[in-house]
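Student: quick one, fold the following:
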Amino acid sequence: MKLIGSNTSPYVRKVRLVLLEKNIAHTYVVDPPSEPNSQVMRFNPLGRIPALILADGTCVFDSPVIAEYADTLNDMPILIPRHDALARMRVKRWEALADGIMDSAIVVRNERMRPAEKQELAIIEMHNLAITRALQYVAVQLGTREWCEGNSISLGDLALVSALVYVDLRLSERDWRAAHPNLAAFFKRMGTRPSVQTTLTE
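Tutor: So this is what the prediction gives:
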């Protein structure tokens, strides 16, 4: 299978982490849809990344769908609980929280890229507040635990670290580590994993 994406997309990073953690053979192709002649449009009718192309040409999109599909391909490890509805909900909720942080960070970044006189300050403030609230919430939910859910890595952990990497990349003025030491410790632990190191260096 082939994963089409870009190195800066937090949604692509989340999916790459899933594939890497589960040791699923794939080819990673950097091909942002913003580039001329991008092949993304040929596979994904939405023209977005990540796009996972299966051996028969089927395109799987978007990141929650890819992550859930990939998790069914083997049990090493199981990233989304399969037989506990509440645990499954909690993991998917972690993913939703992380994706929401990514969504708002992208809105803030895109708005700031506009000419100063055309920027909608109310939109920037609204999404910055959403990020602040979400970070506060996940910090409380994580507490002193090592993992987002249970006693092992899950999709929640991979989504959360992807969101934090993107906040560092695009909203570097945010000192979330000082505000949330437990998230800083979580990020440091996750940063030692080969999967995370691969997505940060390739």
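Student: from here on, contacts and neighbour counts on C-alpha atoms
Tutor: OK.
Student: give me the domain ranges for the chain.
Tutor: Using automatic domain parsing, the domain ranges for the chain come out as 2-71, 85-193.
Student: now those domains as JSON lines including distance to residue 200?
Tutor: JSON lines is the format used below for the domains of the chain (distance: least, CA to CA, whole Å):
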{"stretch": "domain 2-71", "distance to residue 200": "8"}
{"stretch": "domain 85-193", "distance to residue 200": "9"}
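Student: ok, which of the ones you listed comes nearest residue 199?
Tutor: domain 2-71 (6.5 Å; CA to CA).
Student: low-confidence ranges in the protein?
Tutor: Scanning the chain for pLDDT under 70 picks out no residues.
Student: what residues of the longest helix belonging to it count as buried?
Tutor: Across the chain, the longest stretch assigned as helix under DSSP state H is helix 85-112. For helix 85-112, the neighbour count (16 or more other CA atoms under 10 Å) marks 88, 90-92, 94-108, 111 as buried.
Student: same check, this time on stretch 184-193
Tutor: So for stretch 184-193, counting by 16+ other CA under 10 Å, buried means 184, 186-187, 190-191.
Student: repeat that for stretch 124-142.
Tutor: By 16+ other CA under 10 Å, the buried positions in stretch 124-142 come out as 124, 127-128, 130-131, 134-135, 138-139.
Student: which of the buried residues of stretch 184-193 fall in helices?
Tutor: Among the buried residues of stretch 184-193, the members falling in helices (DSSP H) are 184, 186-187, 190-191.
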